[in-house]
Each structure stands twice: as C-alpha cells, then as structure tokens.
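> kindly return the folded structure for what I paste below:
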Amino acid sequence: MDRELALATELAAWAADRIRRPRATDEVREKASPADIVTDTDEAVETHVRAVLRREFPQYGIEGEEYGVHKGAPGAPHWVIDPVDGTTNYAHGIGWCSFSLGLATARGEPLLGVVADPWRGEFFSAVKGGGARLDGRPIRAAAHDTLTGHAFLTEWAAHAHWPGMDDLLRELAARHCTVRIMGSTALSLVQVAAGRAVAAAIGEFHPVDALPPLLIATEAGAVAVPELPAYDTPLLLVAPQAAPEATALWEKSVLRRGQ
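Now for the predicted structure:
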C-alpha cells in the first residue's frame, strides 16, 4: 500500500487546500432535497481526484459521492471518495468539514483510509494492519473505561433523526455523557481514533464517508459494532475499555429499535 498511501496523502493535501480557498462565487445547488446540497467545490475536488486515481491506478474502481461508480477490473480494489464531507457546513461558512478517501477490497473491506481536516490542517491516515496516524504520528483511542463525563459524537441522517437516535441520546444524557453533532461523518468518527471522543455513532453507514474513518479508528484500537456494517445500517465506534458499556447501550437503544 505504499504507493496508494503516498498518492492518497498527496490528494488529501491538495483537496484541503482547495477547500480552504475563498468561495464567494461557489454555486450551491440542491440534489435530492433542500437539505442535500452540492457546491462547485464538491464537484471540482472529486473531478480532480478521480482523474488522478484513474491515471495512476487504472485497474482500480472508484465510488464517489458526486459522480457515482466507475467499475475497475474484476476483483480489483476500489477507491471511495467524499470530496467535501459536511457540505452544508462548508456552504454556510462553518469550519467543520473534511475530505475523505479510502481504498477497499472488491468485497468492501477497508485497506486504506485518509481523512483531512482543512481548517485545522490535520491529516488522519491508516493502512490495514499498520496502525493509525495523525500528521504522521501514531495515535490511539482513549483509555476511558466509561461513557460518563466524556464526549460522544454522532450525526443526523441528512437532516433527520435516525431510528433509535432519540433513545440513544436520552440514555447518554442519563449517564452524563456529552453529545456533539458537528456535521461531518468522517471528521466526527475519526475523533475516536485521536482519543478526543470516547465514542461516535451514525445511523446510516455509507462507504464514501465512513469507510476511511472506520479503518483509522479500528487501527487506533477502537471497537467497531459491527466490524463492517452493511450499506445504510448503523455503526458504533468506541474506545476499547468503554466498549462493554457502549455496546450494551447500543443494543438496547438502537439495534432493538431497528428490528
């Protein structure tokens, strides 16, 4: 994965710089709903990244947030791209969004992940079996053994609550666990890898923005429930020593609600 990681890191740096540029003339358009939007920057970043990936790894497939699927050679890995994860924040001038790029096997198992935070200049990365890094330095999930007193990050399903989310929030509040909803799936999930959040959860797993941070967090020692979710199903990432408490709460408030 050396060549793949080098290129992914280079593209993440380019994308972060492109996202930070002034966007006074950046056009904002609706996609599926008023809460589902795209900007010129989303499209420009994905167009450039796809072009470079197809040139350097022509046998690999590509799945992107804005331009869908390009099939690669049979059995080849495929890239997953979210050019601006947190477009609503970006379009409204809120400095919490990210660039997410990953590589998965033909079966969807993560091989490589990179998440860039343009506003803080941070670059998270991991290769399967190689540990997780932040700006090139190894990172580990927190050593917390309880949810109480710590931060728990989650995200809406677009603009709406997802099944079990309200029950989860009530249970977390009862445990004095502070919840934050920041607006970028990739950037929220990867905070578990950095030890900043005891856990993070989403109601709908989409590989383009969740597969890279899933790999980064698990390579940092976090526990994923499940290890690899199906598309549009819930995901919990949690610091290992807090996993028994969080998993029991997750099963009670989310998984049973979804049955």
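> got a list of what the closest residue to L189 other than its chain neighbours touches?
Nearest non-adjacent residue to L189, counting by CB to CB, 6 or more residues apart in numbering: P213, 3.7 Å away. In this view, the C-beta of every residue, glycine as well, is placed from N, C-alpha and C. Applying CB atoms under 8 Å, 6 or more residues apart in numbering to P213 gives the contacts S100, G113, V115, F124, T185, A186, L187, L189, V190, A193, L237.
> what does I216 give?
G113, V115, F124, S125, A126, A132, V190, A193.
> doesn't L111 make contact with the fifth one?
Just to be clear, that refers to A126. No. Counting by CB atoms under 8 Å, A126 sits too far from L111 to count as a contact (9.6 Å).
> give me the common contacts of these two.
Common neighbours of A126 and L111 (CB under 8 Å, 6+ apart) are L215.
> neighbour count: these two, which is higher?
More crowded of A126 and L111, by other CB atoms under 10 Å: A126, with 30 against 19.
> the more buried one should be in a helix, yeah?
No. According to DSSP: H, G, I helix; E, B strand; the rest coil, A126 belongs to no helix; its state is strand.
> which parts of the stretch 51-200 of the chain are helices?
Residue ranges of the helices in the stretch 51-200 of the chain, as given by DSSP state H, counting those that start in this stretch, are 87-91, 165-174, 185-193.
> looking at these, which one is packed in the most?
Counting by mean count of other CB atoms under 10 Å, helix 185-193 has the highest mean neighbour count of the helices of the stretch 51-200 of the chain, with a mean of 30.
> ok, back up a step: now, which of the contacts of I216 sits nearest P138?
Closest approach between the contacts of I216 and P138, by CB to CB: A132, at 7.1 Å.
> hang on, A157 packs against E204?
Yes. If you go by CB under 8 Å, A157 and E204 touch, sitting 5.0 Å apart.
> so those two - more neighbours on which side?
E204 (18 against 14).
> relative to A142, how far out is the spatially most central residue of the chain?
The residue lying closest to the centre of the chain (CA atoms, centre = their mean) is A186, at 2.2 Å. Going from A186 to A142 by CB to CB, to the nearest Å gives 19 Å.
> go on, T88?
T88 is 28 Å from A142, where distance means CB to CB.
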